[in-house]
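Participant: the sequence and its predicted three-dimensional model are supplied below.
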Protein chains: 2
Amino acid sequence: MPSKMHSCTPTDLPSFADCAAQIMDRADVLAQHSDVPDMLTRTYLTPAHHNAAAQLADWMCAAGMSVRRDAAGNVIGRYEGLTARAPALLTGSHFDTVRNAGKYDGNLGILLPLACVARWHAAGRRFPFAIEIIGFAEEEGVRFKATLLGSRAAAGSFDMAVLDNLDDSGLSMREVMQASGFHPAGLAKAAYDPASVLAFVEMHIEQGPVLLNEELALGVVTAISGATRFMVEAEGLAGHAGTAPMGLRRDAAMAAAEVGLYIEKRCQGIPGLVGTVGQFTVPNGATNVVPGKAVFSIDIRAEQDAVREQAVADVLAEIERIADRRRVQFAVRKTHDAPSVPCAPWLQQQVASAIQHCELPVRHLPSGAGHDAMAMAAITDVAMLFVRCGNGGISHHPDEIMTAEDAALAAQAFTYFAEHFTAHFPTEE
Amino acid sequence: MPSKMHSCTPTDLPSFADCAAQIMDRADVLAQHSDVPDMLTRTYLTPAHHNAAAQLADWMCAAGMSVRRDAAGNVIGRYEGLTARAPALLTGSHFDTVRNAGKYDGNLGILLPLACVARWHAAGRRFPFAIEIIGFAEEEGVRFKATLLGSRAAAGSFDMAVLDNLDDSGLSMREVMQASGFHPAGLAKAAYDPASVLAFVEMHIEQGPVLLNEELALGVVTAISGATRFMVEAEGLAGHAGTAPMGLRRDAAMAAAEVGLYIEKRCQGIPGLVGTVGQFTVPNGATNVVPGKAVFSIDIRAEQDAVREQAVADVLAEIERIADRRRVQFAVRKTHDAPSVPCAPWLQQQVASAIQHCELPVRHLPSGAGHDAMAMAAITDVAMLFVRCGNGGISHHPDEIMTAEDAALAAQAFTYFAEHFTAHFPTEE
């Protein structure tokens, strides 16, 4: 592929700007594959999902990769190393999306290394290791209410129980997989042999405003935050909004509001800690009725498990104090609890060097969002490179944007990273 | 009707305990007329509503009253005075209900004076004035989203525009009225001639806990509180619950929570002032999404208009401060604004005397809820007698309760009130 814009390399290789143009174009092309018109929604094993997979496979072939699909539907392109059957540096991300999604979430982590591999392929360059790009078939959990299906299959931690999960039309995941030619019996074989893997490095749009606000294109992820989630029902006493005196009320909504504001205050100013009340409802609420019930969610995440656990304990203690003071009962149900997944320091260091090579400052930051790297950490050391998210850091939304300039820098950084990659073999430990 | 329990009056009149037993029984009987099984829901001009009206008319006839229905469907029983066409002391309340209602709200204000009239009728006692008991056909506004239909018709303030309001099945109020034999053209004639009316006195269950908490059976209403209502949309910026740092968030739900808690605090401790956030929703809220939008209602009421207006002004000012500090926009839409309706001091005095006659302390309190007396105030002086509401003061709910003992005291008080009623003629002013 000849350089379209300028020729800054001695050979006629595509420039990183060319890579970026391809990445941005392909993100647009891929976003056309949607389950519904007029927005991007691509869920596990729908026709749009199959078409996107086929498109990725075509691009991988064109980049000189051999392509296979595993039993979970992951699309895996392998760029051989200098020797056959060399252990592989893994990269990639997911190509399923949330409903009404942005087009870079997940997809960027496939398209970005693909552009770099195409460039090496054009130059005839190979490494002592293979590079495998995994397009994970499922991460978001939209269709079957179970997340990380692709990376769990690749990591050998696929939970066979979720095969019985149903989609909104009542089809089980098992049925849908079989109808698509993917056989649950093959899932065990989808797991990588850890001995064949050197590391997993995931590139991903930040999905937050940290790099944007600091005017930085790239960042090194320190850890994927642990998360604890609760659904809470506050039960007070319904009353007439005109006749229940303030001092005698047991207002469930105001009790919930107080919990929410406590969480906000408790998490404020502590690096890497976030707390969110994302759902908040007064069931059958009416303007003239003092709420007898309120339902809300709590989501607390932190880079460090101890920080999260202390915040959770403080929130639960505050809920008890509010319950006593307001005579409101809280039914608190824990729905999720996952520890932090640290990125390997030796890999972080190599990612940081690549960013430095781009003449950019090195910013370390945790990932508050979950990613495929969480699952892959079960079989190999992981790292993540974040790319700046525009538009205030909005993601999981069609307004998610990033720039071609940042894509070029990310391609440059990943190129440097791979070209200077030094594996960290267990024997060195 | 002979006394079943004891005979404390020189004649063989029913005792007030007998009156109370009848009131409680009839409340149970009336509650059987419901639009739906297994709960009390009786809305304007449904079959259940017609049956309840017919039952009331029967009971009125049995108490020696002449009965008519006006064009709004109100059921009006007239107990003639010593002379024909004497001006009337009006009493009554509504016999429609909210969804899943209590059985005393409204209905008590019809059944209570009915028992007293029956007692006078049994004794052959008449007054220099007539007594009319109005069973108002509609007050709650459930079916056609317009309240006080019955009392507005009686007061000549019926808004003909609401005839085009539709119920949930798409029928207009006009169609439903005509199909039931009530003709909108007759609504003007439903209005009382103010010259024929001496006063309107409404008896009603308190629908709040004030009398209950002070261990008082009866209370004198000072005024029906004025009310201002708003629907508010808070718009911040949606974000990923894991990746949006606390300090950079524009969380619409927490902004709304702060408004709610301010309202609660602002109204605390000020007699007669109440403020409520009865609706509170994060549309499409998700556990892992920082709310970009929240919708909530505000309802502020006070006995004194100046108190309410100052509270409203303070809340609106606080909303602006919160908007600035949190970078969240609030769209505030006023949906209701009604001044306080005072009860006439001369009537309050006569109600108070009746309560004193029952050897009870006199407690004055505002009514935070709206009542038919609000509409009737347009044509005559009004007063209200509140009866203690059990069960924490809960109303608009099947758990609404009151005791037969309190019904007996209320019957005794109303009897004394009517027997000692002294009209306050305009010429005396």
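Facilitator: That came through fine.
Participant: C-alpha only now, for contacts and for neighbours.
Facilitator: Noted.
Participant: does the closest residue to residue A:381 other than its chain neighbours have beta-bridge partners, and which?
Facilitator: Using CA to CA, 6 or more residues apart in numbering or on different chains and skipping the chain neighbours, the partner closest in space to residue A:381 is residue A:199 (5.2 Å). Beta bridges link residue A:199 to residue A:89 when assigned by DSSP bridges.
Participant: who touches residue A:199 in this structure?
Facilitator: Residues near residue A:199 by CA atoms under 8 Å, 6 or more residues apart in numbering or on different chains: A:88, A:89, A:90, A:380, A:381, A:382, A:423.
Participant: most surrounded residue in the residues you listed?
Facilitator: Each of the contacts of residue A:199 was scored for neighbours by other CA atoms under 10 Å in any protein chain shown, and residue A:382 scores highest at 29 neighbours.
Participant: quick revisit: let me know the closest of the contacts of residue A:199 to residue B:212.
Facilitator: Taking CA to CA as the measure, residue B:212 lies nearest residue A:382 of the contacts of residue A:199, at 65.3 Å.
Participant: OK, contacts around the residue nearest to the closest one when sequence neighbours are not counted?
Facilitator: Nearest-residue entry for residue A:382: residue A:200, 4.7 Å, with adjacent residues in sequence omitted and distances by CA to CA, 6+ apart. Applying CA under 8 Å, 6+ apart, one finds that residue A:200 lies in contact with A:89, A:90, A:91, A:373, A:376, A:377, A:380, A:381, A:382, A:383.
Participant: and if you look at residue A:383?
Facilitator: A:200, A:201, A:202, A:220, A:221, A:222, A:343, A:344, A:347, A:348, A:351, A:373.
Participant: the stretch 301-429 of chain A: helices as residue ranges?
Facilitator: Per DSSP state H, counting those that start in this stretch, the stretch 301-429 of chain A carries helices over the ranges A:305-326, A:345-357, A:372-376, A:404-419.
Participant: out of the ones you listed, which gets nearest to chain B?
Facilitator: Evaluated over those, closeness to chain B peaks at helix A:305-326, with 12.3 Å, by CA to the nearest CA.
Participant: and the gap between residue A:315 and residue B:14?
Facilitator: 61 Å (CA to CA, to the nearest Å).
Participant: and those two? Which one has more around it.
Facilitator: Neighbour comparison, residue A:315 and residue B:14: the larger count goes to residue B:14, with 25 against 21 (by other CA under 10 Å).
Participant: just to check, that one is in contact with residue B:118?
Facilitator: No. If you go by CA atoms under 8 Å, residue B:14 and residue B:118 don't touch, sitting 9.1 Å apart.
Participant: related to what we said a few turns ago, between the contacts of residue A:199, which is closest to residue B:239?
Facilitator: Out of those, the member with the shortest distance to residue B:239 (by CA to CA) is residue A:382, at 25.6 Å.
Participant: list the contacts for the closest one?
Facilitator: Contacts of residue A:382 by CA under 8 Å, 6+ apart are A:199, A:200, A:201, A:202, A:343, A:344, A:347, A:373, A:376.
Participant: which ChimeraX command selects the buried ones in those?
Facilitator: To isolate the buried subset of these in ChimeraX, counting by 16 or more other CA atoms under 10 Å in any protein chain shown, use the following:
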select /A:199,200,201,202,343,344,347,373,376
